[in-house]
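A.B. asks: what follows is a predicted protein model with its sequence.
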Amino acid sequence: MLEAEKATPPAEDEDRGKAALTELFEEVRGPDTPIIVERLVAKIDEIVRLVRFPGWQNTTEGEREVRKALRRTLFEFKLHQDRELFDKAYGYVRQYY
């Protein structure tokens, strides 16, 4: 199974990442959190694709840039104060992008 995951093309990983992010934000959306999940996920996906580079997960600079981009995006949607949400979203981004 691990070999199959390694053989998965990066585009498929990113699609799975987008699906995982969508699921995460659907779970936390509530009546007092009027966000449009599709827009939020698309924005995160767009920003991460712009700031990342091959092997970014293994560098301090790469992790810092992706974290900053994710925080800015969550701030736009007024979700920047939820540390657990940030950590989960960053975990998905780190895994799939």
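C.D. replies: Structure received.

A.B. asks: the longest helix anywhere in the chain - what's its average pLDDT?
C.D. replies: Counting residues, the longest helix found in the chain (DSSP state H) is helix 10-28. The average pLDDT for helix 10-28 rounds to 77.

A.B. asks: any idea of the angle the next helix-or-strand element following it forms with helix 10-28?
C.D. replies: Downstream of helix 10-28, the next assigned helix or strand under DSSP states H and E is helix 37-51. With axes from the mean of the first three to the mean of the last three CA atoms, to 10 degrees defining the directions, helix 37-51 sits at 140 degrees from helix 10-28.

A.B. asks: just to revisit the earlier point, give the buried residues for the longest helix of the chain.
C.D. replies: Counting neighbours by 16 or more other CB atoms under 10 Å, one finds that the buried residues in helix 10-28 are 14, 17, 18, 20, 21, 22, 24, 25. Heads up, the C-betas are built off the backbone N, CA and C, glycines and all.

A.B. asks: could you do stretch 71-80 as well?
C.D. replies: For stretch 71-80, by 16+ other CB under 10 Å, it's 73, 74, 77, 79.

A.B. asks: who touches it?
C.D. replies: 33, 35, 40, 43, 44, 47, 82, 85, 86, 89 (CB atoms under 8 Å, 6 or more residues apart in numbering).
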